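Novice: can't give you the sequence, but here's the structure:
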């Protein structure tokens, strides 16, 4: 239970800045690494549909271009390195298996970029999904360790690829927890999430608290099985 | 991102039983260990106000009785051992520091009982709250290891003690993630959560996935600081 909501840290001086005063991100180019997978593709679709310039990246430029063509809304496709170089914000939506190797190979291309890691390290067995604990603490912290010249944040973990990709659905009824070390970077990602109708981007801590956000997807999978749902999260009282 | 909401585990055969068909728990006696702390007290208050018979436990019977008197609604106070023995369902709301020792001492008193662990192992430093990882994986798994003759579940992690204790507030607008190994036990806890106006109890996985639910409180503390809120969680599409 949240013993510290009543006293202690929560009663510290809050920043004077309005937490809902977010920057205009409409001019940024957003790249999506792993953009041909269901999640990357779904997120690319939602952002492009909201008016953002989106490039989806894949190991194969041809596959990326084919996927981009299906999405429309001006989405382009390129290989991962070109996607990284041409983008201001780069969403990492690759499978956990290839996460470290992919980012290591793109270190220079991602230099100076705002990186948004949305990878959930999970294992699966007969009992369902369970959290994997990366040596660095989380996928996001692994990204931060591998990309010392990038601005690494974490977000977009709890979205249903099914809902994201369904063109009949106009609003994605969910909050996006955004984690990071630099407030300015976090706010850009919050604003980006807010471009998608129904979504709010909410600051939810530093990268050292990313593991539980990533691995909560194991719980959402249990929820989805029991309730035949595509569960997302809303934060109440915010 | 939830790659498995579209295929794989989520497409397995779901149980035929309606997940909202929950048992009547109105006749159960609920004990709250650590019932004189803000969270335990808040939860005791809400359950008693909803008509449940509640006993709050403390190391000192006198302090428990004094706190019970403040709460009204028929709440009684007793020492932890008597509270455990007289209750059908025992909520563990003690500080993480004393969690293992308290449960070890109560092993026999808790034998056969439905135990609901709601403890969040957290550390605090200048940067705020962070997750502690118990050797057993989570507070709930520690409880299960220490209480082999009890039926251990986990729930009620994300509630604000401030809101719970505020008599002016009629509804607690939040979902309660309930974790456990035995469906019948989980459903009792779900039903118990559902006694409190505004709350739903939702099955959210096995105990091996309790750590991230417990430690997500570190993120809610960050949310509370940034937004001056008492944040809770709702699951969407459920």
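Specialist: Sure, I can see it. Just so it is clear, the structure is predicted and the values come from calculations on it, not from any experiment. Numbering: from 1, shown residues only, chains lettered A, B, ... in the order given.

Novice: where's the closest residue to residue A:22 other than its chain neighbours relative to residue A:178, distance?
Specialist: What sits nearest to residue A:22 in space, not counting adjacent residues and going by Cβ to Cβ, 6 or more residues apart in numbering or on different chains, is residue A:191, at 4.0 Å. From N, CA and C alone the C-beta is placed, and that goes for glycine too. Going from residue A:191 to residue A:178 by Cβ to Cβ, to the nearest Å gives 10 Å.

Novice: which residues do those two both contact?
Specialist: residue A:201 (Cβ atoms under 8 Å, 6 or more residues apart in numbering or on different chains).

Novice: these two - which one has more neighbours?
Specialist: residue A:178 (27 against 18; other Cβ atoms under 10 Å in any protein chain shown).

Novice: who's in contact with the more buried one?
Specialist: A:153, A:154, A:155, A:186, A:189, A:190, A:193, A:201, A:202, A:203, A:204.

Novice: quick check: phi and psi at the third one.
Specialist: In other words, residue A:155. Reported as degrees, to the nearest 10, the phi and psi values for residue A:155 are phi -170, psi 180.

Novice: now do the phi/psi pair for the residue nearest to it when sequence neighbours are not counted.
Specialist: Ranked by Cβ to Cβ, 6+ apart and with sequence neighbours excluded, the top spatial neighbour of residue A:155 is residue A:178, at 4.3 Å. Phi and psi for residue A:178, reported as degrees, to the nearest 10, are phi -120, psi 130.

Novice: I'd like the distance between residue A:178 and residue A:189.
Specialist: From residue A:178 over to residue A:189 the distance is 5 Å, taken as Cβ to Cβ.

Novice: give me the common contacts of the two.
Specialist: Contacts common to residue A:178 and residue A:189, judged by Cβ under 8 Å, 6+ apart, are A:153, A:155, A:201.

Novice: now the longest helix that chain A contains: average pLDDT?
Specialist: In chain A, with assignment by DSSP state H, the single longest helix is helix A:210-227. For helix A:210-227, mean pLDDT rounds to 98.

Novice: now that helix against helix B:210-227, angle please.
Specialist: Going by axes from the mean of the first three to the mean of the last three Cα atoms, to 10 degrees, helix A:210-227 is angled at 110 degrees with respect to helix B:210-227.

Novice: which other helices and strands contact helix A:210-227?
Specialist: strand A:122-125, strand A:128-131, helix A:139-146, strand A:151-154, strand A:174-180, strand A:232-236, strand B:199-203, helix B:210-227 (3 or more Cβ pairs under 8 Å, 6 or more residues apart in numbering or on different chains; DSSP states H and E).

Novice: so where is chain A shaky, pLDDT-wise?
Specialist: A:1-15 (pLDDT under 70).

Novice: where exactly do the helices run in it?
Specialist: A:38-49, A:61-71, A:80-86, A:96-105, A:139-146, A:161-165, A:183-194, A:210-227.

Novice: reformat those as a markdown table; add distance to residue B:197.
Specialist: Converted to a markdown table, the helices of chain A look like this (distance: least, Cβ to Cβ, whole Å):
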| stretch | distance to residue B:197 |
| --- | --- |
| helix A:38-49 | 35 |
| helix A:61-71 | 44 |
| helix A:80-86 | 49 |
| helix A:96-105 | 40 |
| helix A:139-146 | 37 |
| helix A:161-165 | 29 |
| helix A:183-194 | 31 |
| helix A:210-227 | 21 |
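
Novice: of the ones you listed, which is nearest residue B:172?
Specialist: Residue B:172 lies closest, by Cβ to Cβ, to one member of the helices of chain A: helix A:210-227, at 19.6 Å.

Novice: just the angle between the closest one and strand A:174-180, please?
Specialist: 160 degrees.

Novice: any idea how far helix A:210-227 is from the middle of the chain?
Specialist: 15 Å (Cα atoms, centre = their mean, to the nearest Å).

Novice: same check, this time on stretch A:205-215
Specialist: Relative to the centre of its chain, stretch A:205-215 is centred 12 Å away, using Cα atoms, centre = their mean.

Novice: straight-line length of that stretch, end to end?
Specialist: In stretch A:205-215, first residue to last residue: 15 Å (Cα to Cα, to the nearest Å).

Novice: double-check residue A:225 against residue A:128; I have them as touching.
Specialist: Yes - between residue A:225 and residue A:128 there is a contact under Cβ atoms under 8 Å: 7.2 Å.

Novice: so residue A:53 bridges to which residues?
Specialist: Note on residue A:53: beta-bridge partners by DSSP bridges are residue A:29.

Novice: got the contact list for it?
Specialist: Per Cβ under 8 Å, 6+ apart, neighbours of residue A:53: A:28, A:29, A:30, A:74.

Novice: report the contact partners of the residue nearest to residue A:73 when sequence neighbours are not counted.
Specialist: Excluding the flanking residues, the one nearest residue A:73 by Cβ to Cβ, 6+ apart is residue A:48, at 3.7 Å. Residues in contact with residue A:48 (Cβ under 8 Å, 6+ apart) are A:54, A:71, A:72, A:73, A:74, A:75.
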